[in-house]
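[1] Below is the sequence, then the predicted model.
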Amino acid sequence: MWKWTQINHLKLIILDCESLNQKYIDFPYQHLLGVDVLKIESLDIDKNIDLDALIANFLIMAQCQSYEAIVISGDMTWLKKVMSYRIGTLFVGHLQQKDLKYMPDFVVDSIDSLIDVLSEKDKGYSGEVLTFENKKGSLLSCQTEIVSDDGKKYLTELYFGGRYYPEKHQYLLDDALSYMILKFKHEYVDIIDIFFDEAIMDIRKKEKIDTLTYIPPKPQDIEKKRFQRFLSLKLERNAQDGLMLKDFLSCQCDFSQKGNDLAERRKTVKGVFRVNGDVKGKNIILIDDVFSSGSTMIEAMKTLYEAGANKVIALAIAVSQMTESPFAYQKLVCSYCQEPMELMYYRKTHKLLFGCPHYYSHPDQKSMMSLRLGIFCLKKRNRLYDGSYDMMNREDC
């Protein structure tokens, strides 16, 4: 999904021509969408460019807001910088594992898929779309190479349902998928169950899958009887075919990855998993909630391969993101008590909404806001703003 762009208000497309195939440059954006197209022929991002001023000038030229613009590029290095400036990002090509922490709004590999995105036929990453509007999206995938201790190499796939932003993240709007992932750590979440069920079915259309397993809990989690989130999943459609989660992996010791760099993360998890049961010759989907550095997932995949698995495919709800914004993030404010509004799960309707911590005690429900309206207002409230140019009358929701 477009994290900052309101696609039905789109007014400007910025093309990074230096990184794009000619067919993407020549595509009739203006004719089909009625938008301005700005073609950038060369931009050396390694120099000390004032990207803030540059993008602000682009918006001034097109007389549009930052949430009415997108950048299309085949250069992830540039998009990493652009996406922190509250503009939509679309990457042309195949995303590599090293770029997962800076996932753009969309990834396309053909003109047809570009048309699907711009016409809103492709709604976005499946986890994000399902959480936001209960509709089907598409999985992001990339390949990775697993190397066993004896040097044998296995090329396999990683699948993801979207982006995850940690609790203290300062880049993004209050994020619905991230909220539900945090909730899933403590209780069953039907949307997460539906995501895994549908995602596994989609993978099975491409691969013959024999069994499913998951990243196991640590010994301390078992000892303290913490909620075992993966065991709560029903996976109803797959269960009808006799495909259910099995505990093929166990964790041998407690470990923590917080604060560790990539090298330390890989060292920390080395040898922590053990295989329970026979996985020889099996094609396995291994699931987890959040993919951070990938060290834990890849170590678990390696352990299964070394035990004789034929193919191990990873599936995670989301990838933890690192992009930050240089601009302060403005939250919505409750119209009744003026306190900041947060994403909340409204049990009466089983839906997400925006409300202050005291919304339930307010005399009317006008102090609450639907997810869709709240996200739209946040996009307006947090649009790119340059002190020398007020791109709107600053009438916030």
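    Yes, it's here. No experiment lies behind these values; they were computed from the predicted model shown. Residues are numbered from 1 along each chain as shown.

[2] Tell me, please, where in the stretch 1-150 of the chain the pLDDT is lower than the cut-off.
    42-49 (pLDDT under 70).

[3] switch the cut-off to 80
    Across the stretch 1-150 of the chain, the ranges flagged by pLDDT under 80 are 42-53.

[4] in it, which spans are strands?
    Here the stretch 1-150 of the chain has its strands, by DSSP state E, counting those that start in this stretch, at 12-16, 36-40, 69-73, 88-92, 106-108, 140-147.

[5] For those strands, state which one has the densest average packing.
    strand 69-73 (a mean of 27; mean count of other CB atoms under 10 Å). C-beta: built from backbone N, CA, C; applies to glycine.

[6] helices or strands up against it?
    On a contact count with 3 or more CB pairs under 8 Å, 6 or more residues apart in numbering; DSSP states H and E, strand 69-73 meets strand 12-16, helix 51-62, helix 76-82, strand 88-92.

[7] and if we set it to 10 Å?
    strand 12-16, helix 22-26, strand 36-40, helix 51-62, helix 76-82, strand 88-92, strand 106-108, helix 111-118 (3 or more CB pairs under 10 Å, 6 or more residues apart in numbering; DSSP states H and E).

[8] Strand partners (parallel or antiparallel) of that strand?
    strand 12-16 (parallel), strand 88-92 (parallel) (DSSP bridges).

[9] hmm, back to that, make CSV from the strands of the stretch 1-150 of the chain and add distance to Met244 to it.
    What follows is the strands of the stretch 1-150 of the chain, written out as CSV (distance: least, CB to CB, whole Å):
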stretch, distance to Met244
strand 12-16, 46
strand 36-40, 50
strand 69-73, 41
strand 88-92, 36
strand 106-108, 31
strand 140-147, 23
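
[10] Out of those, flag the one nearest Arg347.
    Taking CB to CB, strand 140-147 is the member of these nearest to Arg347, at 31.1 Å.

[11] Following element in sequence after the closest one, please.
    strand 153-160 (DSSP states H and E).

[12] Following the chain past that next one, name the next helix or strand.
    strand 163-164.

[13] and that following strand, how far out from the chain's middle?
    Distance of strand 163-164 from its chain centroid, counting by CA atoms, centre = their mean, to the nearest Å, is 3 Å.

[14] Run through the neighbouring helices and strands of that strand.
    Here strand 163-164 is seen to pack against helix 126-133, helix 176-184, strand 283-291, strand 311-320 when contacts are counted using 3+ CB pairs under 10 Å, 6+ apart.

[15] List the contacts of it.
    Contact partners of strand 163-164, identified using CB atoms under 10 Å, 6 or more residues apart in numbering, comprise 1, 3, 100-105, 125, 127-128, 140, 172, 175, 177-178, 181-182, 289-292, 316-321, 323.

[16] Check stretch 179-188 too.
    Stretch 179-188 is contacted by residues 127, 130-131, 161-162, 164-167, 175, 189-193, 195, 226-227, 229-234, 289-290, 316-318, 320, 342-345, 352, 371 when judged by CB under 10 Å, 6+ apart.

[17] Restrict those residues to the buried ones and give me that as a PyMOL selection.
    Buried members of those, defined by 16 or more other CB atoms under 10 Å, are picked up in PyMOL with:
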select buried, resi 127+130+131+161+162+164+165+175+189+191+192+193+195+229+230+233+289+290+316+317+318+320+342+343+344+352+371
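
[18] returning to what we had before: would CSV of the strands paired with strand 69-73 with distance to Lys302 be doable?
    As requested, the strands paired with strand 69-73 are exported to CSV (distance: least, CB to CB, whole Å):
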stretch, distance to Lys302
strand 12-16, 37
strand 88-92, 29
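
[19] ok, the residue sitting nearest the centre point of the chain to Phe106 distance?
    Ranked by distance to the mean C-alpha position of the chain (CA atoms, centre = their mean), the top residue is Arg163 at 1.5 Å. Per CB to CB, to the nearest Å, Arg163 is found 12 Å from Phe106.

[20] Determine the residues that are contacts of both of these two.
    Common contacts of Arg163 and Phe106, defined by CB under 10 Å, 6+ apart, comprise Met1, Tyr125, Leu140.

[21] How about the second one: which residues does it bridge to?
    The one in question is Tyr125. Applying DSSP bridges, one finds that Tyr125 bridges with Ser138.

[22] just checking, it touches Lys136?
    No - assessed by CB atoms under 10 Å, Tyr125 is found out of contact with Lys136, at 11.1 Å.

[23] Looking at the two, which one has more neighbours?
    The neighbour count for Tyr125 versus Lys136, taken as other CB atoms under 10 Å, is higher for Tyr125 (26 against 12).

[24] dump the residue contacts of the more buried one.
    1, 103, 105-107, 131, 137-140, 160-163, 177, 317-319.

[25] Distance of it relative to Lys135?
    Relative to Lys135, Tyr125 is positioned 12 Å away (CB to CB).

[26] Kindly report the same for Asp36.
    29 Å.

[27] what about stretch 82-96, how long is it end to end?
    18 Å (CA to CA, to the nearest Å).

[28] whoops, stretch 341-351 was the one
    Stretch 341-351: ends 16 Å apart by CA to CA.

[29] all helices for the stretch 151-300 of the chain, in order.
    Using DSSP state H, counting those that start in this stretch, the helices found in the stretch 151-300 of the chain span residues 176-184, 190-204, 219-223, 236-239, 262-269, 295-306.

[30] Packing partners of the fourth one?
    Here helix 236-239 is seen to pack against helix 190-204 when contacts are counted using 3+ CB pairs under 10 Å, 6+ apart.
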